[in-house]
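Asks: Need coordinates for the following:
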Amino acid sequence: MVDSIDEGLVTQFSALVHQEAQQMTSRLKPYVKIQQMSGDVFAYDGLGRVEARLADGRNPKATFDDITHNRRKISRNRYVVNLPIDSSDVRGALLDPQSEYATAIAGAALRQYDRTIVSAAFADVLTGRDFETTTTFASDGGLTVDATAGLTYEKLLEIQKNFIDTDVNNDVEERLFLTITGDEHTALMGETELTSGDFSRDFVIEKGKITQGVGLDFIHFADSVANPIIPTASGERALIAATSKGICLGISKDMSIKVQPRDDYIETTQVQVVFEIGAVRTEGALVQKVRVTA
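Replies: Model prediction:
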């Protein structure tokens, strides 16, 4: 019976999980702001706009301009992946560079990162100095694009128009993205304006997947799985169109990995990964809801 696991193997397995996480990557993490969290509750603090005024005449009296302080609550949640491994498989699993355990653990963690970001996109937000005000997506200035009749080139133009008209991405170039599933991918592949060289000289199709359109990066997610990251409700799904400043991901505790024997089970070793994260929409104008038919 294996009473303990060599610390070198634990370190190697931990490194392998982190390596798998880096190679797989969270699909949305590169498109959001990252903040290190401390404490149970973390405040995301942003600033609104301020405009210059005409200072007319000689020696005008100084007056202060007002700028909105945008404080939003991020609550952290703890997540865990806890796998039992039979002791007869421990050494092979820990030493195998293609370990399916490491891949499964890293994949589960990264999907939760994406799921947390998606959940925050349209959720109510607690705002104010003491988080006393509940702000809905609509009251936050979030816009909704109705693409239930089909996600088309014209609907992508509407998304861009909304960003331009709300002065998003006009002064400083930001990354814009749109989440899509297989249904939307198929629809967009049929849009000649996106795929034909007569309309665009950008290489928007890579290895059979459409990756870009009208300045938006398309982020692909599965729909026909047990727990889809882009959920379906009442025959519709809500896609996210946002800028790289639209959602903040707070990380209180990055992935920590523990491998230890479980003497309360016969020849069983426990592999446990724990992490704590939260997310919040930073400003309604930076995020759009795109309604499509599932």
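Asks: low-confidence ranges in the stretch 101-250 of the chain?
Replies: Applying pLDDT under 70 to the stretch 101-250 of the chain flags the ranges 197-203.
Asks: Go ahead and report the secondary structure state at Gln272.
Replies: strand (DSSP: H, G, I helix; E, B strand; the rest coil).
Asks: ok, it to Ala123 distance?
Replies: Distance of Gln272 to Ala123, given as Cβ to Cβ, to the nearest Å: 29 Å. From N, CA and C alone the C-beta is placed, and that goes for glycine too.
Asks: repeat for Asp56
Replies: For Asp56 relative to Ala123 (Cβ to Cβ), the value is 45 Å.
Asks: And for Leu110?
Replies: For Leu110, the distance to Ala123 equals 21 Å [Cβ to Cβ].
Asks: These two: which has the busier surroundings?
Replies: Of the pair Leu110 and Ala123, Leu110 is the one with more neighbours under other Cβ atoms under 10 Å, namely 20 against 14.
Asks: tell me which element the more buried one is part of?
Replies: Assigned by DSSP states H and E, Leu110 falls within helix 100-121.
Asks: Leu157: what's it in contact with?
Replies: Val214 (Cβ atoms under 8 Å, 6 or more residues apart in numbering).
Asks: I'd assumed it was in a strand, is it?
Replies: No - under three-state DSSP, Leu157 sits outside any strand and is assigned helix.
Asks: Wasn't Met255 part of a strand?
Replies: Yes - residue state for Met255 (three-state DSSP) corresponds to a strand.
Asks: surely it meets Phe275?
Replies: Yes - with contact defined as Cβ atoms under 8 Å, Met255 and Phe275 form a contacting pair (4.7 Å).
Asks: Next, show the common contact partners of these two.
Replies: Common neighbours of Met255 and Phe275 (Cβ under 8 Å, 6+ apart) are Ala109.
Asks: ok, now how distant is the closest residue to Thr133 other than its chain neighbours from Arg72?
Replies: Nearest residue to Thr133 in three dimensions, chain neighbours excluded: Thr127, at 4.8 Å (Cβ to Cβ, 6 or more residues apart in numbering). Going from Thr127 to Arg72 by Cβ to Cβ gives 5 Å.
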